[in-house]
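# sequence unknown, structure follows:
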Ligand SMILES: [Fe+2]
Ligand SMILES: [Fe+2]
């Protein structure tokens with residue numbers, strides 16, 4: 001099985017600054033330490049956008065410093081809070097297409113990962129234009145090996161039925177054009193999103209998808225709020241993705257959870273079935 005890690009929505013700020021009372025750098029460093037401890041065998045870590053909260057060069061410098069600690073390769077994606085030029089200044093090696101969109105592929109024997117840039121400067125909604133359509137169509141057309149595709153993008157191209165998030169998903173006409181292309185070509189086996197700051201899964205046009213919490217703050221599950229973006233400090237998470245010939249498995253790990261853990265043995269006598277777990281890897 002191919003193992004891939006997904007981190008999303010780090011929303012980094014200059015050193016020491018907080019957002020919603022939480023320090024995004026501290027939480028990202030804890031995330032990277034947990035990945036290094038538990039998943040040094042992963043093939044790739046994908047950061048699905050909103051890397052910096054205000055696209056401050058000092059925040060990208062912190063990201064670069066944090067990622068120096070990560071023991072597995074990584075791929076950066078743009079979110080609506082990011083800036084292409086600032087990202088490129090901090091990461092000159094970031095992969096862009098000929099039009100400057102931060103999009104690329106990652107090929108392994110088990111899968112091909114496609115990273116689609118859905119951001120548009122100055123707006124928080126997602127975008128997909130003719131040039132991005134040409135890039136994605138080109139990738140889908142050139143690929144005839146039979147290796148399945150897995151698509152990563154920051155914005156969902158559909159409403160997730162949470163109005164305060166849905167005002168910031170991909171613009172409807174762009175989403176419809178993307179849907180048309182995926183209907184015409186061999187569809188990816190799964191789409192992985194950032195942006196929504198919540199664990200959400202389901203399918204779109206028959207394609208399974210998943211999204212997860214960010215590493216700093218989250219979107220509260222409020223179905224009544226419409227205009228106000230309701231954020232929370234529910235625990236941060238990262239995703240552990242397994243890709244095999246017959247299945248795609250996505251686990252969400254609340255890596256800062258410090259509640260007690262127990263060993264449970266239902267076959268033992270009742271008084272010995274539960275014991276505290278002393279150490280956990
Ligand atoms: Fe975000
Ligand atoms: Fe976002």
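Nice, thanks for sending it over. Here the structure is a predicted model, which means the values were calculated and not measured. Ligands and ions are numbered 1, 2, ... in the order given.

# how confident was the prediction at residue 147?
With respect to pLDDT, residue 147 scores 91.

# surely it is in contact with residue 109?
Yes - counting by Cβ atoms under 8 Å, residue 109 is a contact partner of residue 147 at 7.4 Å. Placement of C-beta: from N, CA and C, glycine included.

# in terms of neighbours, single out the busier of the two.
residue 147 (13 against 7; other Cβ atoms under 10 Å).

# state whether that one is indeed within a strand.
No - going by DSSP: H, G, I helix; E, B strand; the rest coil, the assignment for residue 147 is coil, not a strand.

# measure the nearest residue to it once chain neighbours are set aside to residue 188 for me?
Using Cβ to Cβ, 6 or more residues apart in numbering and skipping residues adjacent in sequence, the residue nearest residue 147 is residue 112, 5.2 Å away. As defined by Cβ to Cβ, to the nearest Å, residue 112 lies at a distance of 9 Å from residue 188.

# what do you get for residue 211?
Distance, residue 211 to residue 188, by Cβ to Cβ: 15 Å.

# so where's the stretch 101-250 of the chain uncertain?
For the stretch 101-250 of the chain, applying pLDDT under 70 flags no range at all.

# show me where it has strands.
104-107, 112-116, 149-153, 190-193, 200-204, 207-211, 218-219, 231-232, 238-243, 248-253 (DSSP state E, counting those that start in this stretch).

# quick check, the residue in this protein closest to ligand 2?
Nearest to ligand 2, among the residues of the chain, is residue 195, at 3.8 Å (Cβ to the ion).

# near ligand 1, which residues of this structure?
Contact residues (Cβ under 5 Å from the ion) of the chain with ligand 1: 9, 50.

# the lengthiest helix in the chain - contacts with which helices or strands?
Among the segments of the chain that qualify as a helix by DSSP state H, the longest is helix 24-38. Counting contacts by 3 or more Cβ pairs under 8 Å, 6 or more residues apart in numbering; DSSP states H and E, helix 24-38 is packed against strand 2-7, helix 57-67, strand 238-243.
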